[in-house]
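Visitor: one predicted model, sequence on top.
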Amino acid sequence: MSRRSQVLEALTAAGEKGLSGETLAGELGVSRVAVAKHVAALRESGYVIDAAPRRGYLLRSVPDLPLPEQVEPLVADPFWVRFEGGPVTESTNEDAKRLARGGTPEGTVVVAGSQTGGKGRLGRSWDSPEGGVYLSIVLRPSLAPAEIVSLPLVISVGVARGLEALGCRPLLKWPNDVWLAGPLEAAPPAGKVSGILLEMQAEADCVEWVVAGVGINVRPAEETPAGVAHVFDHVEPCSTSSVAAAVLTGISSAYREFRTSGFEALLPEYERRNMLTGREVTVREMDGSVRARGAVDSVDPLGRLVLASGSGMLAVSSGDVTLREPDA
Ligand code: BTN
């Protein structure tokens, strides 16, 4: 566990009794100056920590933000090896890419409470106010670039597992959007709860690193646009750090299965959650031009969307899917 997480854990355990800088330094095997620096950094992130004579440091309040030192102790899977981030950043994907280029190991996480320049798929921006979870992870899969098509779907299965563990009913919209089901079995889906953006560095025959960024709408905003869903509209609110931890746990379980048995092992689960099956859709290119139209048949073992179109079965490996209204 990082020193920052250890300091927070010790202050939380000490409660009203407080903890002197000297005792804390002794327990952690660091200098008192180092302890003071961690306390200053925690205050900077929004923790209220009093320093009282004789009692030492007293933790008065903890911000409800997905912060690395809160998320780390909630994540049991040893796959996750490094936690970075803070209350606000421009884009966790940019931060994670910087770390990936610098050689950070697989299993590195960057998590933030808001983003000033959140990036979405297809060059769009991703609205990232406080009340959401914004995280990016570094993966180093030994795959050829062509084999990577199914990886975004693997991450979406992981996000869905995490949200389900919290009590939500997640659905998947190819390639990698996560939606929440409506209140009743027959009701239309409530809206998109999470988006995933993959960026990578690859040579001709091997992937060096992948950064997968996940944005999750957690606390409902004052005005929710149509087609958007929030976790806390569907389950009892918990801390945003618990949401981040549940999603990371889901992602590492799905990614582990993918690495040992391939996407095929996850396909039945993807299909069970697939909200497009049987629906008429339009798949568009990045520039908005229509790539394919048809009724969704399935997702194939390579992660492609299979459509029954006028000219027969068609498998598409990328694009933006919109549901088509029945012809008037
Ligand atoms: C989409 O368009 O659906 C994908 C949205 C991905 C947003 C996440 S938020 C965390 C990470 N950092 C970013 O700048 N983008 C991704």
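Guide: Nice, thanks for sending it over. Numbers count the residues shown, from 1 in each chain.

Visitor: drop to CA atoms for contacts and neighbour counts, all remaining ones
Guide: Will do.

Visitor: contacts only, for Asp95.
Guide: With contact set as C-alpha atoms under 8 Å, 6 or more residues apart in numbering, Asp95 has these partners: Val110.

Visitor: so it is in which element?
Guide: Element membership of Asp95 [criterion: DSSP states H and E] is helix 92-101.

Visitor: chain neighbours aside, what residue packs nearest to Gly167?
Guide: Of all residues not flanking Gly167 in the chain, Val235 sits nearest, at 6.1 Å (C-alpha to C-alpha, 6 or more residues apart in numbering).

Visitor: ok, that neighbour touching Ala165?
Guide: No: at 10.7 Å, Val235 does not count as touching Ala165 under the criterion of C-alpha atoms under 8 Å.

Visitor: what about stretch 16-33, start to end distance?
Guide: Terminal residues of stretch 16-33 are spaced 23 Å apart (C-alpha to C-alpha, to the nearest Å).

Visitor: ok, which stretches of this structure are helices?
Guide: Secondary structure of the chain (DSSP state H): helices located at 3-14, 21-28, 32-44, 68-71, 92-101, 151-165, 240-261, 267-273.

Visitor: can you put the ones you listed in CSV and add distance to the ligand and mean pLDDT?
Guide: Shown next, in CSV, are the helices of the chain (distance: least, C-alpha to the nearest ligand atom, whole Å; pLDDT from 0 to 100):
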stretch, distance to the ligand, mean pLDDT
helix 3-14, 22, 96
helix 21-28, 32, 95
helix 32-44, 22, 96
helix 68-71, 14, 98
helix 92-101, 4, 98
helix 151-165, 11, 98
helix 240-261, 11, 97
helix 267-273, 17, 97
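
Visitor: can you put these in JSON lines and add distance to Val283?
Guide: Converted to JSON lines, those look like this (distance: least, C-alpha to C-alpha, whole Å):
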{"stretch": "helix 3-14", "distance to Val283": "45"}
{"stretch": "helix 21-28", "distance to Val283": "55"}
{"stretch": "helix 32-44", "distance to Val283": "45"}
{"stretch": "helix 68-71", "distance to Val283": "37"}
{"stretch": "helix 92-101", "distance to Val283": "26"}
{"stretch": "helix 151-165", "distance to Val283": "17"}
{"stretch": "helix 240-261", "distance to Val283": "26"}
{"stretch": "helix 267-273", "distance to Val283": "18"}
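
Visitor: cool, thanks, talk later.
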